[in-house]
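In: Pasting the sequence and the predicted coordinates here, then a few questions.
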Amino acid sequence: MELSVRHGMREQSPHLSRPTWRLDPLRATGAAAKVATRPREERDWPAVATRLGAGLGLWLGEIDRVRGRRHEPAVGVGIEEGRS
């Protein structure tokens, strides 16, 4: 959410410009219930996890934005970890 606000993209996004994104975690829960009723070979749990993760990420980002918490860019952090 912070990036979309910082770069003026929130208003341009059809999804983020309306308050309906706030229901995304609830919708993901509904999607999980629907997926659980499908035959095992048709269940797409990674899609449900992605949807839930994106929804929760939007919520956490919005909470940080409202509280005034800013995160500085961490370009390159973690890239060299684990290399010898």
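Out: Done, it's in. Numbers count the residues shown, from 1 in each chain.

In: Next up, the contacts around the spatially most central residue of the chain.
Out: Nearest to the mean C-alpha position of the chain, by CA atoms, centre = their mean, lies A54 at 1.8 Å. Contact analysis of A54 by CB atoms under 8 Å, 6 or more residues apart in numbering lists D24. In this view, the C-beta of every residue, glycine as well, is placed from N, C-alpha and C.

In: In the helix or strand where it lies, which residues are buried?
Out: Per DSSP states H and E: A54 is located in helix 45-67. Buried residues in helix 45-67, counting neighbours by 16 or more other CB atoms under 10 Å, are found at 48, 51-52, 55, 58, 61-62, 65.

In: Please apply the same query to stretch 14-33.
Out: Buried residues in stretch 14-33 (16+ other CB under 10 Å): 16, 21, 24-25, 28, 32.

In: can you redo those as CSV with pLDDT, secondary structure and distance to L3?
Out: CSV is the format used below for the buried residues of stretch 14-33 (pLDDT from 0 to 100; DSSP: H, G, I helix; E, B strand; the rest coil; distance: CB to CB, whole Å):
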residue, pLDDT, secondary structure, distance to L3
L16, 76, coil, 11
W21, 83, helix, 14
D24, 88, helix, 17
P25, 88, helix, 20
A28, 91, helix, 21
A32, 94, helix, 27
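
In: for R43, phi and psi?
Out: With angles defined as degrees, to the nearest 10, R43 sits at phi -80, psi 130.

In: what's the answer for H7, then?
Out: Residue torsions, per degrees, to the nearest 10, at H7 are phi -100, psi 10.

In: Can you get me a residue count around it?
Out: 9 (other CB atoms under 10 Å).

In: before we move on, the earlier item: I'd like the buried residues of helix 45-67 as a markdown table, with pLDDT and distance to E11 appended.
Out: Compiled in a markdown table, the buried residues of helix 45-67 are given as follows (pLDDT from 0 to 100; distance: CB to CB, whole Å):
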| residue | pLDDT | distance to E11 |
| --- | --- | --- |
| V48 | 93 | 29 |
| R51 | 89 | 23 |
| L52 | 92 | 25 |
| G55 | 88 | 20 |
| L58 | 85 | 15 |
| G61 | 84 | 16 |
| E62 | 85 | 15 |
| R65 | 82 | 14 |
